[in-house]
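[1] sequence unavailable; structure follows:
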């Protein structure tokens, strides 16, 4: 590990496990990353627009790794958009387990809450929507020696085709010192989604994401791939209600020794209300 502290071996093992959460614990904001690609805006709003959503999910999965020890999560998001500019905040409960300090020898929760702050611009050109922004991942009242908070720069491009039925996106996330203090980290994600015509009260969308992370092994980072595929059913307008069921998997085997941060095959259900 690049950073040293006075924690016991058990604490060090726990922090390594935390770092394996796909190297950067999310979005928002994370929720948008794991389902269909973000909708491609037809035109930037010319006035201030405030929006938000509340999610209930069976497992908070971030880049293939469970953030809640395979337990449910309640998540919320608020956004403000004006022209091409946007700001937002997203939050979720966590379960990163407990760590034991060396002196005095007591157990403390590593982190039980994540709050992400983000902002940026979404300009459009020739039918393409670009997303250039910054995300700060914070963990209020987390265990200090774990060095959990970190920053990512986001750059992405998306476009819709066939009367907006097909949405494609390509997004990069870069950090100079990722979650846990494990050095530079890059993530590249390709997303695709197809929205079908309305069937009774449901508007179905099938979508998926393939991502790859490059971690700096010299600083303790890891490199691996992850993917998901699922079905989203929209079935109400005000508020906009959706239910998503999604298959997740990775090619990583490092989580086998960290039972709190599983990254094997799983199916996750998420109910969302947007307003």
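    Sure thing, it's come through. The shown structure was predicted, so the numbers you read here are calculated from the model rather than taken from an experiment. Residues are numbered from 1 along each chain as shown.
[2] could you measure from residue 222 over to residue 118?
    24 Å (Cβ to Cβ, to the nearest Å). Every residue, glycine included, has its C-beta placed from N, CA and C.
[3] what helices or strands is whichever strand or helix holds residue 77 leaning on?
    Take DSSP states H and E as the rule and residue 77 turns out to sit in strand 73-82. When contacts are defined as 3 or more Cβ pairs under 8 Å, 6 or more residues apart in numbering; DSSP states H and E, strand 73-82 packs onto helix 29-34, strand 49-57, strand 85-93.
[4] quick one: the second one to chain centroid distance?
    The chain centroid and the centroid of strand 49-57 are separated by 15 Å under Cα atoms, centre = their mean, to the nearest Å.
[5] by how many degrees do that strand and strand 85-93 diverge?
    20 degrees (axes from the mean of the first three to the mean of the last three Cα atoms, to 10 degrees).
[6] any chance of the helices and strands packed on strand 73-82 in TSV, plus mean neighbour count and distance to residue 130?
    Shown next, in TSV, are the helices and strands packed on strand 73-82 (neighbours: other Cβ atoms under 10 Å; distance: least, Cβ to Cβ, whole Å):
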stretch	mean neighbour count	distance to residue 130
helix 29-34	23	16
strand 49-57	16	19
strand 85-93	20	12
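[7] so which of those is nearest residue 269?
    When these are compared by Cβ to Cβ, strand 49-57 sits nearest residue 269, at 7.0 Å.
[8] okay, residue 222 and residue 118: which has more neighbours?
    residue 118 (22 against 19; other Cβ atoms under 10 Å).
[9] does that one really touch residue 87, like I thought?
    Yes. The criterion here is Cβ atoms under 8 Å, and residue 118 meets it with residue 87 at 7.4 Å.
[10] picking up where we left off before, looking at the helices and strands packed on strand 73-82, which has the lowest confidence?
    Lowest mean pLDDT within those: helix 29-34, a mean of 46.
[11] list the buried residues of stretch 231-245.
    232, 234, 242, 244 (16 or more other Cβ atoms under 10 Å).
[12] those: which two are farthest apart?
    Checking those with Cβ to Cβ, the most distant pair is 234 and 244, at 9.7 Å.
[13] going by residue numbers, what spans are strands in the stretch 1-150 of the chain?
    27-28, 49-57, 61-62, 65-66, 73-82, 85-93, 98-100, 107-109, 113-121, 124-125, 128-138, 150-161 (DSSP state E, counting those that start in this stretch).
[14] what about those, which gets the closest to residue 262?
    For residue 262, the closest of the strands of the stretch 1-150 of the chain is strand 65-66, at 5.0 Å, according to Cβ to Cβ.
[15] quickly list what the nearest residue to residue 136 once chain neighbours are set aside is bridged to.
    Excluding its sequence neighbours, the residue lying closest to residue 136 (Cβ to Cβ, 6 or more residues apart in numbering) is residue 117, at 4.6 Å. According to DSSP bridges, the partner residues bridging residue 117 are residue 89, residue 136.
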